[in-house]
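Enquirer: For reference, the sequence and a predicted model appear below.
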Amino acid sequence: MTKQQISILLLAATYVGTVVGAGFSSGKEIVTFFSVHGALGTIGIAISGILFIVVGIKMMIISSRIQAYSYQQLNEYLFGRKVGKIVNLFIFVVVICVTSVMLSGAGAVFQEQLGLPFQMGIIATLIFCYIVVLKGLKGIFAINSYIVPLMILFGIFVAASIISQHPHELIGQVLPTKLPESMSWVGSPFAYAAFNLMTAQVVLVPLGKEIRDEHVLKWGGFWGGLALTFILLAIHLSLSFFPETFRHDIPMAEIIRHFGMVIHILYVFVIYGEIFNTVVGNIFGVSRQMKAALGLSFRTNVWIILFVIFVISQAGYGTLLSVLYPLFGYMGLVFLFFLLFKKTPER
């Protein structure tokens, strides 16, 4: 493989790893936005997938061309200096809250799946995050290069196993066979994409600046968005066959229990890896933002963020995700609209 092709794969993996956090890999986020709508959730996933590809690529291209050090510069370009400052403050709050949800998800994995104390999961994650964040983008790339392929393989394995056991029920589970009585599902794919793209700015904007090759940015964004769509469909399909798992904090892990203890433990570690990866990416991006805004050292910013997310995470994973994610998603539709229709600057 050429150096450029390797860069494309690493960027695609980082894009996937940034979006695939606690809610995504655990299945809780997919239940909240898609699986509760049954087969109509499949159409919603297709819409979200298109937005992940188109908007993700555009975000990185714009960031590259305006040389945005952090998401502050991108939002000031999209909204203007005055409104951009308000948007940046909002996104800062969103990212801190989402990172807190991820951290709480780590505690939920330890408690619900491993039978260990909730606080042990949170404290262990904070310690590991501090070590990796100080290594910068190299540390983030290293995590994604291992965790993302494992996540995709598990998604394929679970979906393929379920399809082979229930082939005749597949169409009814993933494709609507009659017109919907309610249109409540329509907003979900847009809110989901808006929420994830808004928070992904933290990692994608610095990547856009540091990777100057637009060919890498375009194809990395394309393959990353496509992989996200594929994983979404695989998890949605698996969850649709086991609606009784919707009430759990980690519904996908409950499905994996059917495949034996060894597979279950391996999947739990993959989920934890995805959670850890997103927490690290968010802390890294927000710390850069705080350094640009406040002038504090990067290490000091990391300590401040770790303390704040620890406090918020105590509210509990299921509660935080179910309330905050849809709320931030619908509020983020304004960001999605501006990014879609804003003209890309000339090189």
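Expert: Ah, there it is. Numbering: from 1, shown residues only.
Enquirer: What pLDDT is listed against Ser313?
Expert: At Ser313, the model reports a pLDDT of 88.
Enquirer: That one is in contact with Val98, isn't it?
Expert: No: counting by Cβ atoms under 8 Å, Ser313 sits too far from Val98 to count as a contact (11.1 Å). Any C-beta I mention is one placed from the backbone N, CA and C, and that applies to glycine too.
Enquirer: Return the set of buried residues in the helix or strand Thr14 falls within.
Expert: Assigned by DSSP states H and E, Thr14 belongs to helix 3-19. Across helix 3-19, burial judged by 16 or more other Cβ atoms under 10 Å covers 7-19.
Enquirer: Distance to Gly295 and pLDDT added to those residues, as TSV?
Expert: As requested, the buried residues of helix 3-19 are exported to TSV (distance: Cβ to Cβ, whole Å; pLDDT from 0 to 100):
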residue	distance to Gly295	pLDDT
Ser7	32	84
Ile8	35	87
Leu9	36	86
Leu10	31	84
Leu11	30	87
Ala12	34	87
Ala13	33	82
Thr14	28	82
Tyr15	30	85
Val16	33	84
Gly17	30	75
Thr18	26	75
Val19	31	78
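Enquirer: can you tell me which two in these are farthest apart?
Expert: Ser7 and Val19 (19.1 Å; Cβ to Cβ).
Enquirer: quick one: Leu217 and Ala12, what's the gap?
Expert: To Ala12, Leu217 is 11 Å away according to Cβ to Cβ, to the nearest Å.
Enquirer: Same check on Leu340?
Expert: Note on Leu340: its distance to Ala12, by Cβ to Cβ, is 21 Å.
Enquirer: just wondering, since we're on Met1, how far is it from Tyr146?
Expert: 17 Å.
Enquirer: Also Met331?
Expert: Taking Cβ to Cβ, one finds Met331 at 34 Å from Tyr146.
Enquirer: Run a quick neighbour tally on His215.
Expert: 11 (other Cβ atoms under 10 Å).
Enquirer: cool, Leu321 as well?
Expert: When neighbours are counted by other Cβ under 10 Å, Leu321 comes out with 24.
Enquirer: isn't it right next to Val31, touching?
Expert: No: the criterion here is Cβ under 8 Å, and Leu321 misses it with Val31 at 9.8 Å.
Enquirer: what residue ranges in the chain are flagged as low confidence?
Expert: Along the chain, the parts satisfying pLDDT under 70 run over 21-25, 136-145, 148, 166-183.
Enquirer: If we use 90, what do you get?
Expert: Along the chain, the model assigns pLDDT under 90 to residues 1-43, 62-115, 128-188, 191, 195-217, 227, 230-302, 313-347.
Enquirer: In it, which residue is most central in space?
Expert: Closest to where the C-alpha atoms of the chain average out (Cα atoms, centre = their mean) is Val19, at 1.9 Å.
Enquirer: Skip the chain neighbours and tell me the closest residue to that one.
Expert: Of all residues not flanking Val19 in the chain, Asn196 sits nearest, at 4.9 Å (Cβ to Cβ, 6 or more residues apart in numbering).
Enquirer: After the helix or strand the one you found falls within, which helix or strand is next?
Expert: Counting by DSSP H and E, the element that carries Asn196 is helix 187-210. Using DSSP H and E, the helix or strand that follows helix 187-210 towards the C-terminus is helix 214-240.
Enquirer: after that next one, next one along is what?
Expert: helix 251-256.
Enquirer: What is that next one packed up against?
Expert: Contact here means 3 or more Cβ pairs under 8 Å, 6 or more residues apart in numbering; DSSP states H and E; on that basis helix 251-256 packs against helix 22-26, helix 137-165, helix 214-240, helix 261-294.
Enquirer: and the third one, what other elements does it pack with?
Expert: Using 3+ Cβ pairs under 8 Å, 6+ apart as the contact criterion, the secondary-structure elements in contact with helix 214-240 are helix 3-19, helix 22-26, helix 28-33, helix 40-66, helix 137-165, helix 170-174, helix 251-256.
Enquirer: Let's see the third one as CSV, backbone CA atoms only.
Expert: Listed in CSV are the C-alpha atoms of helix 28-33, where the atom choice follows Å, rounded to 0.1, in the frame of the first residue of the first chain:
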residue,chain,number,x,y,z
LYS,A,28,-28.1,2.4,23.4
GLU,A,29,-27.7,5.4,21.0
ILE,A,30,-29.0,3.3,18.0
VAL,A,31,-32.0,2.2,20.0
THR,A,32,-32.8,5.8,21.0
PHE,A,33,-32.7,7.2,17.5
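Enquirer: Quick one: residues in contact with that helix.
Expert: For helix 28-33, the external contacting residues (Cβ atoms under 8 Å, 6 or more residues apart in numbering) are 22-24, 41, 44, 188-189, 191-192, 232, 235-236, 239, 246, 248-251, 317-318, 321-322, 325-326, 329.
Enquirer: If any of those residues are buried, give me the ChimeraX selection for them.
Expert: Those of the contacts of helix 28-33 that count as buried under 16+ other Cβ under 10 Å are selected in ChimeraX with:
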select :22,23,24,41,44,188,189,191,192,232,235,236,239,248,249,250,251,317,318,321,322,325,326,329
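Enquirer: so how far is stretch 28-46 off the chain centroid?
Expert: From the chain centre to the centre of stretch 28-46 is a distance of 16 Å (Cα atoms, centre = their mean, to the nearest Å).
Enquirer: If you could redo that for stretch 292-307, that was the one I meant.
Expert: That offset, for stretch 292-307, works out to 23 Å (Cα atoms, centre = their mean).
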